[in-house]
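> structure for the following, please:
(one chain, ligands or ions: 1)
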Amino acid sequence: NMREWDAAGWQVLPGLATSKLGTRVLLLDEVDSTNRYLKERAGQLPHGTVCCTDYQNAGRGRLGRTWTAPRAAALALSVLFREEGPAAQLPLLCGIAVANALEALTGASFAIKWPNDIVCSGRKVCGILCESRPVQGGGLAVVAGIGVNLLQDGAWFAEAGLPFGGSVAMLTEKILSPWETAAVVLNRLEPLWERCRAEGFGALEPAYTARCISLGRQVRALSPAGEVRLEGTAVGIGPDGSLLIDDGRQVQAVAAGETSVRGFDGYI
Ligand code: BTN
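Here you go, the predicted model:
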């Protein structure tokens, strides 16, 4: 992974065309977790600061899980949001941005499994974890973390015990550079964030729904501990990004922060 610097000494992502996200970029050889790195320094760094690394030795996943990838085989990208905005819907916006970016870069189709796993040919190629913390002087800092599997092969996922995992190379035969992928994701994410701030998630809901493969399927909503909370047909996305499930008697909403869904016969 090549590194470039601007005149002020900040690293730059080739192809970045944003006005706020990525105006400060930190590319690290190794870090525990890019999310944790930005969260710890959130009070000192400006809105839009980006942290990427070649290798995370303690990558964090949703619902307390871990996230691993071999060195230089995946993109680990975190973005710091310090301006007020639709923090609760940020994971869904990241999902739209990543799916759009990967389609543009590979020509293959990418879908979103609610709330924000990115899926290609039935396998998860990207996971998203947004974390927030209060900062001194008031306000909330939100870190959006995006992990995209780029180069791993089927044997790696089997050995890692990830039967539903896949990489962009494995599924599309395209070799993407992590930093260029990061730039394209940020180029898509910035306008989605701005539009959602201005108009609310309702304006983006059609774009999300169009990509969401969970809809129309029989799903089980699981608690972080794996208990079944609700079973039924996923029928829609609520105005706040929740998943609407029809259990045959009534339609109930489950919130993204505390739920994962599984299909009746497998991952999707
Ligand atoms: C998931 O469980 O599906 C979410 C995985 C999120 C992984 C990314 S990689 C960059 C950022 N830093 C982390 O420690 N996690 C996120």
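> okay, buried residues for the longest strand along the chain please.
Assignment by DSSP state E gives strand 123-134 as the longest strand of the chain. Using 16 or more other CB atoms under 10 Å as the burial criterion, the residues of strand 123-134 that qualify are Arg123, Lys124, Val125, Cys126, Gly127, Ile128, Leu129, Cys130, Glu131, Ser132. Bear in mind the C-beta positions are built from the backbone N, C-alpha and C, glycine included.
> list the contacts of the closest residue to the ligand within the chain.
Of all residues in the chain, Gly127 sits closest to the ligand, at 2.2 Å by CB to the nearest ligand atom. Counting by CB atoms under 8 Å, 6 or more residues apart in numbering, Gly127 touches Gly61, Arg62, Trp67, Asn116, Asp117, Ile118, Ile146, Gly147.
> for Pro86, same thing?
Leu93, Trp193, Cys196, Arg197, Gly200, Phe201.
> cool, Gly263 as well?
Arg217, Gln218, Val219, Arg220 are the contacts of Gly263 under CB under 8 Å, 6+ apart.
> what bridges to the last one?
Okay, so that is Arg220. Glu231, Arg262 (DSSP bridges).
> quick one, helices of this structure?
34-40, 90-106, 154-159, 168-172, 178-199, 205-211 (DSSP state H).
> so which of those comes closest to Gly137?
helix 34-40 (16.2 Å; CB to CB).
> ok, residues contacting that closest one?
26, 28, 31, 45, 49, 51-53, 56, 58, 60, 76-80, 129, 131, 133, 141, 143, 145.
> filter those by proximity to the ligand?
Restricting those to those touching the ligand (CB under 6 Å from any ligand atom) yields Gln56, Arg60, Ala76, Leu77, Ser78, Leu129, Gly145.
> so which of these is the closest to Met170?
Closest approach to Met170 among those (CB to CB): Ala76, at 18.2 Å.
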